[in-house]
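A.B. asks: for reference, the sequence and a predicted model appear below.
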Amino acid sequence: MAGQTAAQSGAEGAPATAGGGIMQTVLMFVPMALIFYFLIIRPQKKQQKEQGSMLENLKKDDKVQLSSGIIGTITKVKDDFFVVEIDKSNHTTIEVIKSAVSGKIEAK
């Protein structure tokens, strides 16, 4: 019986120290979450915003690079996609969704 009482009192003392451990864990997690936000999430959102702005500003006769590496010239702008001419000699065109454009190629 005395052994059970000692075991029970030891078990009752454990949650009190675990509460302090939880607070320490939370205090360590908050700065890590802030670092993660400022180093990963915020720059990614900024890049997505810039990409969206670039896609909205594309117009006919802009030279673009697609995510597949194909380079062409926009011949028609529609709601959800572009018509891109990839070979001027044969007038070869393809339709691509707007998100397939990875960047605008600036004229030199």
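C.D. replies: Yes, it's here. Residues are numbered from 1 along each chain as shown.
A.B. asks: which of the residues in stretch 99-108 are buried?
C.D. replies: 100-101 (16 or more other CB atoms under 10 Å). All C-beta atoms are positioned from the backbone trio N, CA, C, and that covers glycine.
A.B. asks: next one: it to chain centre, how far?
C.D. replies: Offset of stretch 99-108 from its chain centre (CA atoms, centre = their mean, to the nearest Å): 20 Å.
A.B. asks: tell me the mean pLDDT over it?
C.D. replies: Mean pLDDT, stretch 99-108: 88.
A.B. asks: can you get me the start-to-end distance on it?
C.D. replies: Distance across stretch 99-108, first residue to last, is 25 Å (CA to CA, to the nearest Å).
A.B. asks: contacts for that stretch next, please.
C.D. replies: 54-55, 58, 62-68, 71, 82 (CB atoms under 8 Å, 6 or more residues apart in numbering).
A.B. asks: what of stretch 50-60?
C.D. replies: For stretch 50-60, contacts defined as CB under 8 Å, 6+ apart pick out 64, 74-77, 82, 98-99, 101, 103-104.
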